[in-house]
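>>> Got a predicted structure here, sequence first:
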Amino acid sequence: MASTIVEQPLSEKRKHDVVDANKEKKKQKCSPTTEKLDTENKAEVKKIMQSVRSKLYGMSSTKLIEFLRNKIDMLDKDRKEMVGVFGKTGAGKSSLINAILDETKLLPSGNEGACTSVMIQVEANMTNEKYIAEIEFISVQDWKDELSYIIERRSFQEKDDEDKEMDDKDDDDEKINAFYGKDGHGKDLDQLMDKKYFREIPEFNLSRKKTFNYDTAEELSKKIACFTLSDSNSDTFEQMYWPLVKCLTIKVPNSKDLLEHVVLVDLPGNGDCNKSRDLMWKSFIGKCSAVWILSDISRATSEKEPWEILNSTVSLFGPGGEGRSINFICTKTDDIEESQKDDACTRILARNIRTKKKVKEIFKKQTNIKNHFSDAEGVFKVFTVSSKKYNMEKQSEPDEKAGAKTEQWTKALNDTEIPRLQDVLRNLNDHHKRTSDYICRVDGILSLIQAARNSDKTDNKKVCLLLEERLEENLNSIVKYMDKTYEAFDKCLTDGVEVSEKSCKKLLNNEIQPVGKTGRGYHRVVKCLCQNDGIHRPKGKNKKEKNINESLSSCMRSCIGKTFTHYFPNDKSGPIKKMIENFTLDTNNLVEKNMSVSLHLTFLKTEENELKTQLICDLLKRKKEIYLTLTESIKDSMHVAYESASKYTGEDSLKNMKNELHQHLEKANIFQKAKKEMLKGLTDLKEHIREELERKLEESINISLKTPDSSLLPDVTEDFNKIKELMVCLSTRHVPTILDPHTKNTGFQSQPEKGQKHVQGSRGLTSQPTFRPTYSLQCPEAGLFQCDSTGLVFEMTGKGDVLYQMSQWYTSHMGSMTPAGPLFSINCPAVPQLHLPHCMCDDEEEVLSVAHFTGGTMEIVKPLKTTASHVVVNIPNPSLVGLIRCGVSTLPVQSQVLLFLCPQGNTNQKGILNVFLLPKNVPIFEVEHQQKGSTVIKTSSECTLITGRKYGLCCELVDYNISLKRVQYDGDYSPNFLPTFQVYLECISDAKNMNLTLIDRENNDQKVWECVVQTG
């Protein structure tokens, strides 16, 4: 009987590779982490600058010294990212935050009813090892007003309970019972404000914050429970202070990795009838970079509240805010029925997949939410988490020598998806980049001091003139572009005014005369609207805010919606932001010909980068103000009418209030005024960008190149050299020099876009044996162009040539990061943006970053967005670029099975079938290039595999079947690809076909791929 031999090629080499890799991992665990190195280096740099600062403050003031003092004082200015966490009582917000921070007893949770009005900020304690809570109270006057309102409404409800909308007795009772107990019923305002009720919180009457410091999270949690929870089930009264709390800030030690530059905010789903809390709530939402919506997985696809929260807040964190992502988090995934516990793991994972798919389908129908984002599908991600399971696994962490147990434990931990949310926070925290930026700013300051001490300014006039000319040219370009933006908004707003004037009567009636609302009860609602400038926040947990101003501005907002999202997107780099990013004095190209002022130019480059970063922050703030202009303008225009209407009393007061509002609406021309206010905001933005660039860069040019030398400045040579050394060494990975690419040709095709042409390059691609394949493109114009062979997409700013090739990853220098795609060596100055192909599955989300190697160092760059097929990133002048992830992923990835029939030396022999298992984003051409002389077997290659899982190959012939030894799938991104399996065919004489099946050895030998191969 003929035999078929199946081998795993180079098995001994693979074993050595695994051993070496394990050794490397152990070394990494013993060595300081990147975050620790960043922290240590930043602390060292701060110490250096404190010394420089003290020297400068000991000197007599001059213009230069005052400038340097100010620059040093501004170094520690930090802008934090905010993550808003929403979810109804019982959704598991506290448990989730505790699990993410590995603090099981930080936020109070359990059977108590969580207070829905208290906002809780969680941030890093950067000063010591204590757990700190800072409690900010509402003002005494706010509490008096709230009590007066409760007393008044109770009196009103006793007389007339006609309108259920005003029946907020339960909400009022909850607050009174929590703070006063039974003692609070039937008392007047003066009695309720008696000092005896406030003895334990003297800070309230003094308008101060109350602070707690403890050594453990558990101690702090117990102490703050009465400020955050409503223990309505207790048999004995214990005074609860949450009705008086405006905001609670918790500072957690040893959390720099996640929270140094990030704040987690536990937010109620709706605003608050208390004005100060409501303003803070809206302010927090407007500052959120990410929004997390929590829902118990058993109700995630059925309950409406998460979507109601998103719909009611999307204008605040979307165009009116800073939101770049929406994460829908299904909690308590470990809760299953008793009858299903025999196969719990499989059932839980299956339910997770189904739920993710259904939630995404629901989101696709949320038109109102999607319209607020330029790439809604890329913004929205779904997670299925189990805080309980995560905590259990963390408590049972095996010793690192346990081998297989460690792998199983890691998989179980990752299945809870808490580590994925931790990665989301790490990505936002961006610890490395923040540290790198800080040290770069220090380098600029020390460069200026060194320049002022040592340089000769006799030849600076030409450089100054050239820089001033470039500045003026760039400023003119900005003004021209912003004028075009103004014109686009002017047209949309004109349409909006026309529609609004036709619809305003109906829009107003929707708020003050809704269908089915009559009588004394709704009279009170209209009265409240007039007394509060058109806004009424009903008492009660599920009551929606009424806002006449929002309603009247709705048509204008609809007309500018697409234009606003185009120019001011949160989820990607919009045209105005790109305009700022692309602004440059191009000081780098002046250095070679002007070495005498190289330090001055280094300082100017640092100042330019710092200024652009600040302007992008200003852009975010001002675009929020511009978006809110319409509503605010209408509120101001209607103020006189609101004030007049609120004064009506008596029998016809409801009718008179409505008439007053309608008459004013007809005469006041409020929509034209709103249009002018928004256009004025755009003009102010243009002037702000222009003036800031002009003023600050002219000041920097004058300070660095026109100020007389000062040898009296402190000698910072040693510090300067130390900073230069840190800039090279700080969390960087040195890589060997890559050979210059050799020009070859391959096929490129432009992406279909408006105004773009399809471009097809030469298909021929050859390479000498000693070189890897190289891809080139001659691009005739600006646009997006995709390479047929690799899937890479290049955004071209203009005509130019692209030249690139695959390079070798040096994983031993990447710390905890691992490759998630090929590493590309790119040569093209006209590429500001890249779209790197990934292999994530449609129903899985993973936090990917981009590694950019330049000058022998690695920078980790946050993507702008992740689409279904690509990761989009802004990297001007890219050199070595590739996708990376934190740690080894255990998520399914799109993969491919490639077959090559390699001939033997004897032509009568059938040869060897080489089988490759590779991620889908590995270019097939690269493997074909290495398998020259072999025959490619065309077949369906797509499959889904999991990195680290073991697979086997089964060969089925007419007479017999043979199963291969299992091999672990490693998701290889090395340019030197080795076959995963080899099938020796020399002994097969009769069989014409062979059926190949790839099976999952860790999932009951389930088939993941199969095909029929002709062997004769």
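Here it is on my side, so go on.

>>> all contacts plus neighbour counts: C-alpha atoms, from now on.
Noted.

>>> Give me the residue ranges of the stretch 651-800 of the chain where confidence is low.
709, 728-771 (pLDDT under 70).

>>> and stretch 330-344, C-alpha only, in CSV?
Coordinates of each C-alpha in stretch 330-344 appear next as CSV, following Å, rounded to 0.1, in the frame of the first residue of the first chain:
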residue,chain,number,x,y,z
CYS,A,330,-22.8,43.9,27.6
THR,A,331,-22.1,43.0,31.2
LYS,A,332,-22.6,39.9,33.4
THR,A,333,-21.9,37.4,30.6
ASP,A,334,-21.2,34.7,33.1
ASP,A,335,-24.8,34.7,34.3
ILE,A,336,-26.5,31.7,32.7
GLU,A,337,-29.3,29.4,33.5
GLU,A,338,-28.6,26.5,35.9
SER,A,339,-29.5,23.9,33.2
GLN,A,340,-26.8,25.3,30.8
LYS,A,341,-23.9,25.2,33.3
ASP,A,342,-22.5,21.8,32.1
ASP,A,343,-21.2,23.4,29.0
ALA,A,344,-21.0,26.9,30.3
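
>>> What are the buried residues along that stretch?
For stretch 330-344, the buried set under the neighbour-count rule, 16 or more other CA atoms under 10 Å, comprises 330-335, 344.

>>> Distance from that stretch to the middle of the chain?
31 Å (CA atoms, centre = their mean, to the nearest Å).

>>> Could you do stretch 652-667 as well?
46 Å.

>>> just to revisit the earlier point, can you pick out the ones from the buried residues of stretch 330-344 that are in strands?
By the criterion of DSSP state E, membership of these in strands covers 330-331.

>>> From the buried residues of stretch 330-344, pick the one nearest A830.
C330 (43.0 Å; CA to CA).

>>> So what sits opposite the closest one in the bridge?
As for beta bridges, C330 partners with S295, T384 under DSSP bridges.

>>> Thought P829 was touching F794, still the case?
No. Assessed by CA atoms under 8 Å, F794 is found out of contact with P829, at 11.5 Å.

>>> Give me the more crowded residue out of the two.
F794 (24 against 15; other CA atoms under 10 Å).

>>> would you put the C-alpha positions of the helix or strand containing Y951 in PDB?
Using DSSP states H and E, Y951 sits in strand 950-956. In PDB, the C-alpha atoms belonging to strand 950-956 read as follows (Å, rounded to 0.1, in the frame of the first residue of the first chain):
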ATOM      1  CA  LYS A 950      -3.300  24.100  17.700                       C
ATOM      2  CA  TYR A 951      -4.400  22.800  14.300                       C
ATOM      3  CA  GLY A 952      -3.900  19.600  12.300                       C
ATOM      4  CA  LEU A 953      -4.000  18.800   8.600                       C
ATOM      5  CA  CYS A 954      -5.800  15.600   7.500                       C
ATOM      6  CA  CYS A 955      -5.100  14.100   4.100                       C
ATOM      7  CA  GLU A 956      -7.800  11.800   2.700                       C
END
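
>>> Adjacent strands (with direction) for that strand?
strand 961-963 (antiparallel), strand 967-968 (antiparallel), strand 993-1000 (antiparallel).

>>> right, and those strands - which one's nearest K256?
strand 967-968 (35.3 Å).

>>> helix or strand right after the closest one?
Using DSSP H and E, the helix or strand that follows strand 967-968 in sequence is strand 981-984.

>>> May I have the strands that pair with that following strand, each with its orientation?
Sheet pairing for strand 981-984, using DSSP bridges, gives strand 5-7 (antiparallel), strand 912-919 (antiparallel).

>>> Just name the most buried of these.
When these are scored by mean count of other CA atoms under 10 Å, the highest mean neighbour count falls to strand 912-919 (a mean of 23).

>>> what about it, average pLDDT?
The predicted model gives strand 912-919 an average pLDDT of 91.

>>> to the chain's geometric centre, what's the distance from the very next helix or strand once past it?
Toward the C-terminal end, the helix or strand that comes next after strand 912-919 (DSSP H and E) is helix 924-930. With CA atoms, centre = their mean as the basis, helix 924-930 stands 36 Å off its chain's centre.

>>> go on, stretch 941-955?
Its chain's C-alpha centre and that of stretch 941-955 lie 32 Å apart, by CA atoms, centre = their mean.

>>> and the end-to-end length of that stretch?
16 Å (CA to CA, to the nearest Å).
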